[in-house]
Structure formats: C-alpha cells, structure tokens
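Chemist: Mind looking at a prediction? Sequence and model below.
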Amino acid sequence: MKIIITFILFILSAGSAYSQLTLTNQYNPVPGDVDSYAICDTVNILQGNAGANQTWSYLNLTRVDSTDVTFVSSASTPYSGQFATSNVASSNDNSSFNYFTTSATNILFNGNGNPAVVIPYSNPQLYMQYPFTYNTSFSDNFGSNYISNGTPTVRSGTINVTGDAWGTINLPIGSFPNALRVKYIISTKDSSNPGAPIVFVTNTTSYVWFVPGKKYPVFEIVYSTLLFNGTLFASSKTVNYNASSTPIGIQQISTEVPDDYDLSQNYPNPFNPNTVIRFQIRRSSDVRLVVYDILGKQITELVNQNKNAGTYEVDWNASGIPSGVYYYKLSAGDYSETKKMILIK
C-alpha cells in the first residue's frame, strides 16, 4: 500500500511541472484537411500580454460570418504548372489558391493564383519551421516577379515569427492549458510602373493560438494596414475562431461496421508523451473524444467531428501536458464511455 501511495504522490507532484507546446510536422496541412472558422466581431477583443503562463479569456465571441479553408493536392489545381515544387494548396472558394511545400522541417509558402493574377515566389517565404515552441523565432525574406494587369510587378517582403507567449486560453468550447501563441509580422511590398511609380505596402501582425491535439489554430487576431505610395490607404482588424480544428493523429484503420460501440484502453499506459486511443462506432455519428484532468477540467478535445461507422485510432501527443492521472471520454450518439490513463514524465 505504501508503494502505491508513494507512486500516486509522485504523479501528482510531477503534475506541477508544465512544459510548453512544441509544434512539429504533425501540424503540416495535408490534402483532405478542412480548416473551418468563424469570423467574429472585433469589439473589445485584444491580444493581451506576451510572456509565460498567461491567461486569455474570449468567452463572449459574436460570430458575424464563417468560412471553410480546404486543403487539396497542388497537382489538382488550375495553376499547378507554376508551382511545381508545391505539394499542397488551400482555397476557400475553389477559385483562388495558396500554394505550400511541407516537409519534416518546415512549411514554405510559394505564392498564390487566381483568375486575375498568378504570383509564384522565386524566393519562397519560410512560413513555419520545426520544432517551434515558446521563445523560438525566425526571420526570412521572400520575393517574386509577376505580371499584374499587363504590368511587370516586383514583390519583396519579410516575415518575422516568434513564439511570444504561452498559457491558458478560455474559449466558448472550453479551456485549453499549455496554449502556444505565435506572433507573425509580415511586410509585403509590390512595386510597378505602368506610366507612374506605384508602390503598395501591406503590413500584417497576427497573433495565433495553437493548443495540444488540434492541428489548426483555435483563435487568431490579425491587424493589417495598406499603404499606397507611402500614404495609409486602409486598415483592418479581424478575429477568427475555430471551434472544430482538425485533430492531430486521427486515422480510420477499418471501414468494417462493428457490432457495437467501444472505447479501448489507451496504449501504452502509463505513457510519455505519446499514446494511442482506439475506438469503434457502429453507425455514422457525431463523435467527441475529450481528455479531462483528475478534477474534471477539460484538457483537450481530440475529436469533434461526424464519423462514419468503423474503427479509429487517435495518436495523442501530451508534450505540453504535466504528469498526472487523466480521463478520456468518448461520446457518439447515445453511447458514452470514460477510461483512465496515466502520463509520467
């Protein structure tokens, strides 16, 4: 009995040692992903402080619009010939596309194309590099020569990216500890001379929150300004909220219809920092798989999607979560089950 008590005390005491979320190539977009987000009212929505162990509360967001960004193979798009090195593209209207090259070490932004203009970057923009965590930073230059309305145009720009904060973000769908805030500062200059010099400069500062278990940011605040020949022409602020970000590591391992619903014990257990959770559903259902701490506080939502009948596995990386006893709960239709797991670091 003494050994068991000592072991439990060790687990609970170790739980006070937090480690920050680290982004890896698990966060790379892949064809088939959908990033759905709500565009929200910006009044009284501020980015808050930088630094360690912050708390950000955005519980009363007002949705004003929404959009879906779909990721597809670059080869399937109409401008693929001008983006030969790209392996994935994104679009929210199936007309305009952004092009990326993803790898184990980074994401490169290669430019964009639409019916009006195609801008392939001769010098791609380093959009993310791995591993990336709190206090990580990098800078890059990018550029392109393209034709706009029949006029040769030169694009040049800089990007500065910093993991400037971590902490807990409170959103309408729950509280997410060990959130990583990434600050992007991007300046883009487009210069042309269709008879008189024209210079547009777009400056954008974005605050983007990532949380464990979700591939795409759950929250974003973006400030932008547009200068025309040195004079402020326009400015804007946007607030985007993603309530159902694509979970990391979920895959369907069988399409055979099971006889019943089931939630398996995670393996390995105890684990550090990865574990696999398998579940099966007997008919198409809205599925939620949520992890809670020992006090019943939601730690992360691993799945919140409609899934067809079959068997699934979720690979959960708990690198940003402290040691301790946790519970994971599966809800699908009328079925609900909870199991215990132990994280030891």
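Modeler: Cool, the structure landed. Bear in mind the structure is a predicted one, so any value in this text is a computation, not a measurement. Residues are numbered from 1 along each chain as shown.

Chemist: residue contacts, the residue most central in space within the chain?
Modeler: The residue lying closest to the centre of the chain (Cα atoms, centre = their mean) is Tyr216, at 1.7 Å. Listed by Cβ atoms under 8 Å, 6 or more residues apart in numbering, the contact set of Tyr216 reads Asp33, Asp35, Tyr37, Asn242, Ser245, Thr246. C-beta here means a position set from N, CA and C on the backbone, and glycine is covered the same way.

Chemist: I'd like the distance from stretch 200-215 to the chain centre, please.
Modeler: When distances are taken as Cα atoms, centre = their mean, to the nearest Å, stretch 200-215 is centred 9 Å away from the chain's centroid.

Chemist: pLDDT value on the nearest residue to Ile185 once chain neighbours are set aside, please?
Modeler: Ranked by Cβ to Cβ, 6 or more residues apart in numbering and with sequence neighbours excluded, the top spatial neighbour of Ile185 is Asn160, at 4.5 Å. For Asn160, the pLDDT comes out at 98.

Chemist: Specify the local secondary structure of Asn160.
Modeler: strand (DSSP: H, G, I helix; E, B strand; the rest coil).

Chemist: Next, count neighbours for it.
Modeler: 14 (other Cβ atoms under 10 Å).

Chemist: How about the contacts made by Tyr326?
Modeler: Val291, Tyr292, Asp293, Ile294, Ile299, Lys340, Met341, Ile342, Leu343.

Chemist: Any idea what the last one is bridged to?
Modeler: To tie it back to what came earlier, the one meant is Leu343. Going by DSSP bridges, Leu343 is paired in beta bridges with Phe271, Gly324.

Chemist: Tell me, what's the model's pLDDT at it?
Modeler: On the pLDDT scale, Leu343 is placed at 96.

Chemist: How about Thr238?
Modeler: 98.

Chemist: Am I right that it is in a strand?
Modeler: Yes: applying three-state DSSP, one finds Thr238 inside a strand.

Chemist: Give me the below-cutoff pLDDT ranges for this protein.
Modeler: Counting by pLDDT under 70, the ranges of the chain that qualify are 1-19, 320.

Chemist: all helices of it, in order?
Modeler: For the chain, the helices defined by DSSP state H occupy 2-14.

Chemist: mind giving me the domain ranges of it?
Modeler: Using automatic domain parsing, the domain ranges for the chain come out as 33-241, 247-343.

Chemist: Show the end-to-end separation of stretch 58-69, please.
Modeler: With Cα to Cα, to the nearest Å as the measure, stretch 58-69 spans 23 Å from end to end.

Chemist: Tell me the one of the contacts of Tyr326 nearest Leu232?
Modeler: Ile299 (43.8 Å; Cβ to Cβ).
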